[in-house]
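Chemist: sharing a model prediction with you, sequence too.
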Amino acid sequence: MTGFGAAEGKVLGGRLRVEIRTVNHRYFNPQLKLPGDLAGIEGDLRERLRETLGRGHVAVTARWIEAPQSASAVSLDLDRARQVVGALKQLKKKLRLKGDPDLSLVARQAEVISVSGAGEQAVGWNDARPVFEQAESQVLAMREREGAALARDLKGRLEALEAAVRTIAARAPERLVTERDRLQKSVAELAGGLRIDEQRLAQEIALLADRLDIAEELVRFRTHLEACRAALADGRPGAAGGGGVGKQLGFLAQELLRETNTIGAKANDAQIAQVVIGMKGELERFREQLENLE
């Protein structure tokens, strides 16, 4: 799911900025761009992101706004200092100058006293963790808002499907009567005035009614709809620990489509067939939205 978060904070005397971006992806796919002195926290950071975000393409960028404080070393080159003092005395003699070489003058000469950094200071996970968690909390909040909007859209599609099922359930008895009358009329025309075995005709009508009966499919369809609503209510799409509601709804959507296809195949009715076409379109849009849902 889509999310963005950014945070800045003090780390080891410096100031670190962290940005986290997430987009939908089938698997957990992190990409980390960290300064060299944060290389040691990559393992901990990956595990943290896996636990809280679950899946998705996760891009993390960190940079120093202010470099962290680092230890420095001071070195003294005595041989170089002696050379400088000797050169100054020689200069004094040749130019007939007064006074002795000054300490501050000697110390200022190149390579007499040098200050060097001790290299990059390694940053531990506990040092940088507060900044990463602050950015992460913004990502989770944004994902949860998106998840709530997606959940509202999915619930609306479930309501449309339920309304379609009510239409089919209301039409189903009329369809059986129509089929019965059609069969009786066809048999009478074929008989051409001959005596008809009413008992055999009744058996055929009963068999036809059994083949066209969609009561079980309608019951299962409604059960799957309720399961979808329960998953949306319990899963909190986009929230941390959302429970993989997207996968659960994906399975239920497959079952809904299976029942829809069976209803369409058994209906043998133009009005029901039109409703079934609309249901398939609604289910396709439902499944497309699930691609954006965790």
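Modeler: Structure received. Quantities reported herein were computed from a predicted structural model and do not represent experimental measurements.

Chemist: I figured G278 hits A164, correct?
Modeler: Yes. Taking Cβ atoms under 8 Å as the definition, G278 is a contact partner of A164 at 6.2 Å. For every residue, glycine as well, the C-beta is placed using N, CA and C.

Chemist: what's the neighbour count on the nearest residue to T262 once chain neighbours are set aside?
Modeler: Leaving aside its sequence neighbours, T262 sits nearest to E217 (Cβ to Cβ, 6 or more residues apart in numbering; 5.1 Å). By other Cβ atoms under 10 Å, 21 other residues sit near E217.

Chemist: residue contacts, E217?
Modeler: Listed by Cβ atoms under 8 Å, 6 or more residues apart in numbering, the contact set of E217 reads E259, T262, I263, K266.

Chemist: could you find the lowest-pLDDT member of those residues?
Modeler: Within the set of the contacts of E217, pLDDT is lowest for K266 (84).

Chemist: what about the helix or strand where the residue nearest to T262 lies, average pLDDT?
Modeler: Here E217, judged by DSSP states H and E, is contained in helix 215-235. The average pLDDT for helix 215-235 rounds to 91.

Chemist: pLDDT score for D37?
Modeler: The predicted local confidence for D37 is 88.

Chemist: that one contacts Q69, correct?
Modeler: No. Counting by Cβ under 8 Å, D37 sits too far from Q69 to count as a contact (11.9 Å).

Chemist: does the nearest residue to C228 once chain neighbours are set aside sit in a helix or strand, and which one?
Modeler: Closest residue to C228 apart from its sequence neighbours, by Cβ to Cβ, 6+ apart: L252 at 5.1 Å. Using DSSP H and E, L252 falls within helix 245-267.

Chemist: list the buried residues of the helix or strand that comes right after that helix.
Modeler: Later in the chain than helix 245-267, the nearest helix or strand by DSSP H and E is helix 270-290. By neighbour count on 16 or more other Cβ atoms under 10 Å, the buried set for helix 270-290 is I272, V275, V276, M279, E282, L283, F286, R287, Q289, L290.

Chemist: any chance of a markdown table for those, columns pLDDT and distance to I168?
Modeler: Shown next, in a markdown table, are those (pLDDT from 0 to 100; distance: Cβ to Cβ, whole Å):
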| residue | pLDDT | distance to I168 |
| --- | --- | --- |
| I272 | 89 | 5 |
| V275 | 94 | 6 |
| V276 | 95 | 8 |
| M279 | 96 | 9 |
| E282 | 95 | 13 |
| L283 | 95 | 14 |
| F286 | 94 | 18 |
| R287 | 91 | 21 |
| Q289 | 87 | 23 |
| L290 | 86 | 24 |
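
Chemist: kindly reformat those as JSON lines containing distance to E174.
Modeler: JSON lines is the format used below for the buried residues of helix 270-290 (distance: Cβ to Cβ, whole Å):
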{"residue": "I272", "distance to E174": "10"}
{"residue": "V275", "distance to E174": "13"}
{"residue": "V276", "distance to E174": "16"}
{"residue": "M279", "distance to E174": "19"}
{"residue": "E282", "distance to E174": "23"}
{"residue": "L283", "distance to E174": "25"}
{"residue": "F286", "distance to E174": "28"}
{"residue": "R287", "distance to E174": "31"}
{"residue": "Q289", "distance to E174": "34"}
{"residue": "L290", "distance to E174": "35"}
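
Chemist: can you give the domain ranges for this structure?
Modeler: Domain ranges of the chain: 3-69+123-138, 72-117, 140-290, per automatic domain parsing.

Chemist: chain center to the second one: distance?
Modeler: In terms of Cα atoms, centre = their mean, to the nearest Å, the gap separating the centre of domain 72-117 from the centre of its chain is 65 Å.

Chemist: noted, bye for now.
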